[in-house]
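**Student:** A structural model of the following input is requested.
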Amino acid sequence: MKIQDVFIEDTFAEAFTMRVARIIITAESLRWVRAAALKLTGFATSVIGCKVEAGIERELPAGETPDGRIGVSVLLMTMSKDDMSKRLIERIGQTVLTCPTTACYDGLPEATDRVGVGSALRFFGDGFQISKVIAGERFWRIPVMEGEFLVQERFGMLKGVGGGNFLILARSAGAALSAAEAAADAMDAEPGVILPFPGGVVRSGSKVGSRRSKTMIASTNDAFCPTLRAVTATALPEEVNSVLELVINGTDAGAIARAMRAGISAACREGVVAISAGNYGGKLGPHHFHLRQILSETAG
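**Tutor:** Sure, this is the predicted structure:
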């Protein structure tokens with residue numbers, strides 16, 4: 001199978017079930033919405049080292065937010081329910097509570113599985129905090145030097161999917177980067193997904209464990225490192241000199257599949273030899289995204 005003369009390998013991306021929360025941050029201006037969101041999603045690329053994966057889903061116009069102000073939707077993903085509660089409290093407390101003019105709301109009101117957030121952050125008010133129940137949901141007004149910080153007491157949580165991915169195999173580093181940028185831009189426009197790595201792109205794809213260190217959970221994916229072609233069991237064609245990976249997390253498998261279609265299609269351009277994907281033989285993750293099947297479905 002080829003798209004724009006780019007070979008689509010007959011392989012699949014292997015992904016995992018994760019917990020996902022959506023939070024809505026609002027503020028008086030886009031400047032402060034973005035400031036809070038960028039800090040909140042910082043150092044959140046992989047649960048391997050960051051305990052949480054997070055990213056900005058999309059910016060929200062005033063008509064789509066609970067308080068009628070401009071906002072942003074952020075997705076956070078963890079491996080367990082307990083982890084989600086901790087990460088929400090930590091990150092909202094340190095990056096949204098502290099940011100001028102912001103408020104913070106639950107973005108998954110339909111979720112029956114809920115965790116306390118405002119119920120913990122309220123103690124920062126030192127007994128001066130007050131609450132109000134609106135439509136069955138409690139909100140906390142926490143006094144701060146600027147005025148008040150409004151935060152919802154409980155946030156919804158669903159089962160999502162993390163680790164959808166594909167690899168761009170290119171003739172040069174420049175070609176790989178251009179294709180990856182186009183793919184990331186295309187996928188950013190898709191609802192229900194985030195690309196947790198910097199700019200949506202990963203240069204340091206990993207394999208499970210290590211050949212030399214028993215303490216390493218993951219190490220460089222040597223089969224896809226062009227500089228190691230002569231000393232390892234390479235998976236690269238001779239003409240490939242650079243590889244970049246795109247990792248996609250989503251609210252469900254369908255959202256990831258749609259994003260992968262858009263991203264792979266955008267990545268198939270001059271200088272790209274092939275599109276592949278990372279998997280572990282189907283033994284670790286229950287969600288398998290077969291590249292050719294995904295692209296055939298979009299063609300239909």
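**Student:** which residues in the stretch 201-300 of the chain form helices?
**Tutor:** Along the stretch 201-300 of the chain, counting by DSSP state H, counting those that start in this stretch, helices occupy 253-267, 291-299.
**Student:** Touching the helix or strand bottoming out on mean pLDDT in the chain from outside, list them.
**Tutor:** One helix or strand of the chain scores below all others by mean pLDDT, DSSP states H and E: helix 291-299, with a mean of 84. Identification of contacts with helix 291-299 by Cβ atoms under 8 Å, 6 or more residues apart in numbering yields 1, 3, 8-13, 166, 257, 260-261, 264-265, 275-277. The C-beta positions use only the backbone N, C-alpha and C, and glycine is treated the same way.
**Student:** Could you check how many residues crowd around Ser131?
**Tutor:** 13 (other Cβ atoms under 10 Å).
**Student:** Confirm it sits in a helix?
**Tutor:** No: judged by DSSP: H, G, I helix; E, B strand; the rest coil, Ser131 forms no part of a helix; its state is strand.
**Student:** Report pLDDT for it.
**Tutor:** Listed pLDDT for Ser131 reads 96.
**Student:** before we move on, what about Gly160?
**Tutor:** Model confidence at Gly160 (pLDDT) stands at 97.
**Student:** How many residues are close by it?
**Tutor:** 28.
**Student:** Bridged to it, which residues?
**Tutor:** Met18 (DSSP bridges).
**Student:** where does the protein dip in pLDDT?
**Tutor:** Residue ranges of the chain with pLDDT under 70: 298-300.
**Student:** Out of the contacts of helix 291-299, which end up buried?
**Tutor:** Among the contacts of helix 291-299, the ones that count as buried by 16 or more other Cβ atoms under 10 Å are 3, 8-9, 11-13, 166, 257, 260-261, 264-265, 275-277.
**Student:** Among those, which one lies nearest to His287?
**Tutor:** Ala13 (8.4 Å; Cβ to Cβ).
**Student:** Let me see the ranges of the strands in the stretch 151-300 of the chain.
**Tutor:** 154-156, 158-170, 193-194, 206-208, 218-220, 242-250, 272-276, 287-290 (DSSP state E, counting those that start in this stretch).
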